[in-house]
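J.: sequence and predicted structure are below.
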Amino acid sequence: MPDDVPVTLALDTATPFLTLAVTWPGGERRFSEEVGRAHAERLADGARSLFGEAGLPFRASQIVIGTGPGSYTGVRVGASYALGLGRAWTVPVLGVSTLEGLVRGPSGETPEGWVAVSLDARRGQVYGAVYEVRGGAVVEVIHAPAKRPLEEFGALAAGLSHHRDTPPDGLALLRAGLAHGQAAWSLAYL
C-alpha cells in the first residue's frame, strides 16, 4: 500500500481494556482485550499486530487518543505512546473523551439518538455523559463528561440507552476523533 494512503490509528488505555482500531480507505480493524494494568506491556505489540493483520505498514497519517477519564497510569501510558508515535511519524494526535468510545455498547450494537455512558468513579460517583449518536458516532454532546453522584446521573440517564462500565470501542473512538477530535487536549482521571 502506498505511503500516501490515509490511515488512522485510535487507541485507548484509560480502562482495564486495551482498545485499538485502524481504518484506511476500504477497510477497518479493531481490537479490545482486558489487560488490567498491563497496558504498557501490551500496547506496542498490540498496535503492530493490528497493522500486520490489516496488511498495512506500521505508519498512520493521524492518531486518535482516548483522553480518559481513567486510571492515572493507564491514561498516561496511552497518551505517551500516541505522542511518541505522532512525533516519530510527524502526524497529528487528536484527543477525544474515552466516554465517546462507550457509545457502541457491550455487544457492539450502535444505538441511535441519546445515549448515556458512564464509568464507575467509586464512592457512589460516576464519570458520565449523555451524547446524541448517529451512524455509530457522537454528533452532539447533550450532557458533557463530568463526575457526578450516581443518583444524579441516574436521573439524567433515565429512559435512555445506558452503557455502564463497558469496554471502549476503538471504531467509535476513532470516528469521534475524526469528527471532532481536538489537537489541544488534556487528560482526565477517575
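T.: Arrived safely, thanks for sending.
J.: starting at the chain centroid, how far to stretch 168-181?
T.: Taking Cα atoms, centre = their mean, to the nearest Å, one finds the center of stretch 168-181 at 6 Å from the center of the full chain.
J.: contacting residues around it?
T.: For stretch 168-181, the external contacting residues (Cβ atoms under 8 Å, 6 or more residues apart in numbering) are 8, 10-12, 14-15, 17, 19-21, 23, 28, 30-32, 64-66, 94-98, 100-104, 108, 110, 135-139. Backbone N, C-alpha and C define where each C-beta goes, glycine included.
J.: which of those residues are buried, as a ChimeraX select command?
T.: Filtering the contacts of stretch 168-181 down to the buried ones (16 or more other Cβ atoms under 10 Å) takes a single ChimeraX command:
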select :8,10,11,12,14,15,17,19,20,21,23,30,31,32,64,65,66,94,95,96,97,98,100,101,102,103,104,110,136,137,138
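J.: please flag which of the contacts of stretch 168-181 sit within strands.
T.: 8, 10-12, 17, 19-21, 23, 28, 30-32, 64-66, 94-96, 137-139 (DSSP state E).
J.: mind listing what the helix or strand harbouring residue 130 pairs with, with the direction of each?
T.: Following DSSP states H and E, one finds residue 130 within strand 125-134. Applying DSSP bridges, strand 125-134 is found paired with strand 113-122 (antiparallel), strand 137-149 (antiparallel).
J.: out of the ones you listed, nearest to residue 49?
T.: Distance to residue 49, taken as Cβ to Cβ, is lowest for strand 137-149 among these, at 25.1 Å.
J.: quick one: contacts of the very next helix or strand once past the closest one?
T.: Sequence order places helix 150-157 as the next helix or strand after strand 137-149, per DSSP H and E. When contacts are defined by Cβ under 8 Å, 6+ apart, helix 150-157 is touched by residues 116, 118, 124, 125, 126, 128, 130, 143, 148.
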